[in-house]
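Novice: Give the three-dimensional model of this entry:
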Amino acid sequence: MSHSPLKLRAGAAALAQIRRDGFVPEAFSVMAGASGGPKWLVLSQLDRVLAPWILKDRVAPLFLLGSSIGAWRFACLAQSDPLAAIDRFEEAYIGQRYETRPSAREVTARSREILDVMLGDSGVREILGSPVVRLNVMTARSRRATASDARPVLLAGLAMSALANAANRKWLGWFYVRSLFSDPRDEPPFAGMSGLPLERAALTADNLDKAILATGSIPLVLEGVREIEGAAPGTYRDGGIIDYHFDEELSGGRGLVFYPHFYGHIVPGWFDKGLKNRRGRASLDRTVLIHPSPEFVAGLPNSRIPDRKDFETMSNDDRIRCWQRVVAECERLAETFAEWSERGQLEAVVEPL
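Specialist: Modelled structure (predicted):
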């Protein structure tokens, strides 16, 4: 395990259950997907293996909870052919081109195009009609100055948000409302999320595309999404503002949480990225975290996971080549999990968090 490109780590309660009952797909009731923009590319190959593994012969619902790019990934997994959806999404996402520093309107328009490609002609219908997958999309409904797309006003709102969050994470509630769009067929185990208030709306054919666009709407980078059908009036933005990595107990005591992640740690919210004392711990008791090892990441192009700064520091051609190399390198992650599964080694390789 010391040289493995992939880490499989479990919280105390999850580890005890795995030791007792084995590492089996039906043990998991929830999959979590974090915010992170281009970071998702290190998981695209792994998702291609995890989807058929966790969905094969499944009878009980699997609740997918994603914020920002995590929700976009899971919108692929919830379709009838997840692998084809991932292929479409990956090609369109990597292929983004901007000739000059783009405006929020331009990035929003391009994001809508990528979403249309990913969903295809029947994606919305397939997601809402999936026999076992229940998609849940976390967004942040903006309040006060953060509801404006006028740059000076929004900048002031973000500055006030950051200061409030640094003082007390709960004070984010002055500026944003945690807003969850849920498949209405089943109550999700995480409906009682704590810390900050949670409002809910049903995910429908009329609002699914807007909810997914909203959860990826990074302030200043994309425009907020306004007036989503079936939800409270307002401007909806990136779900990672509040739930960057989901520092919450998500299982509701109903099974375990499977969490394919970029990192081996949890950052609660977007404004917590620079706060070293904000790292999630207690929320992982019933969670199994699977992520690239630090040694593997060090061997990637530029010795790191892709991020949004690549749009600013690389030419279009260089960035596209770099990201394609990252995806190719990350086939090793998928191959490692597939090998563990085929050899019946998943239980043996799990380490404690």
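
Novice: In its sheet, which strands sit next to the lengthiest strand in the chain, and in what direction?
Specialist: Longest strand of the chain, by residue count under DSSP state E: strand 133-142. Strands that pair with strand 133-142, judged by DSSP bridges, come out as strand 62-67 (parallel), strand 176-182 (antiparallel), strand 235-237 (antiparallel).

Novice: count of neighbours near residue 325?
Specialist: Counted with other C-beta atoms under 10 Å, residues neighbouring residue 325 total 13. Every residue, glycine included, has its C-beta placed from N, CA and C.

Novice: related to what we said a few turns ago, send me the longest strand of the chain as CSV with only the CA atoms.
Specialist: Taking C-alpha atoms only, strand 133-142 is exported to CSV below (Å, rounded to 0.1, in the frame of the first residue of the first chain):
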residue,chain,number,x,y,z
VAL,A,133,-29.9,6.8,-8.4
ARG,A,134,-31.2,9.9,-6.6
LEU,A,135,-29.4,13.1,-7.6
ASN,A,136,-29.1,15.9,-5.0
VAL,A,137,-27.6,19.3,-6.0
MET,A,138,-26.4,21.7,-3.3
THR,A,139,-26.5,25.4,-4.1
ALA,A,140,-26.1,28.6,-2.2
ARG,A,141,-28.9,31.2,-2.4
SER,A,142,-27.3,34.6,-2.1
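
Novice: in what helix or strand does residue 83 lie?
Specialist: Secondary structure assignment for residue 83, by DSSP states H and E: helix 82-94.

Novice: helix or strand right after that helix?
Specialist: helix 104-119.

Novice: which other helices and strands contact that following helix?
Specialist: When contacts are defined as 3 or more C-beta pairs under 8 Å, 6 or more residues apart in numbering; DSSP states H and E, helix 104-119 packs onto helix 69-77, helix 82-94, helix 208-215.

Novice: Mean confidence (pLDDT) on the shortest one, please.
Specialist: The predicted model assigns helix 208-215 a mean pLDDT of 98.

Novice: returning to that earlier point: average pLDDT for the helix holding residue 83, rounded please.
Specialist: Taken as a whole, helix 82-94 carries a mean pLDDT of 98.

Novice: That one to helix 69-77, inter-axis angle?
Specialist: Going by axes from the mean of the first three to the mean of the last three C-alpha atoms, to 10 degrees, helix 82-94 is angled at 140 degrees with respect to helix 69-77.

Novice: Contacts for helix 82-94, please.
Specialist: For helix 82-94, contacts defined as C-beta atoms under 8 Å, 6 or more residues apart in numbering pick out 38, 41, 44, 47-48, 51-52, 55, 72-73, 75-77, 79, 113-114, 117-120, 123, 320, 323-324, 327.

Novice: Just the buried subset of those, please.
Specialist: Burial by neighbour count, 16 or more other C-beta atoms under 10 Å: within the contacts of helix 82-94 this picks out 38, 41, 44, 47-48, 51, 55, 72-73, 75-77, 79, 114, 117-119, 123, 320, 323-324, 327.

Novice: Kindly indicate whether residue 126 is helix, strand or coil.
Specialist: Secondary structure state of residue 126, per DSSP: H, G, I helix; E, B strand; the rest coil, is helix.

Novice: which one of the helices and strands packed on helix 104-119 lies closest to residue 308?
Specialist: Residue 308 sits nearest to helix 69-77 of all the helices and strands packed on helix 104-119, at 10.4 Å, using C-beta to C-beta.

Novice: What helices and strands are in contact with the closest one?
Specialist: So helix 69-77, by 3+ C-beta pairs under 8 Å, 6+ apart, packs with strand 28-33, helix 44-55, strand 62-67, helix 82-94, helix 104-119, strand 133-142, helix 208-215.

Novice: Contacts for it, please.
Specialist: 31-37, 39-40, 43-44, 47, 51, 55, 64-66, 82, 85-86, 89, 115, 118-119, 123, 127, 133, 135, 137-138, 211-212, 215-216, 239.
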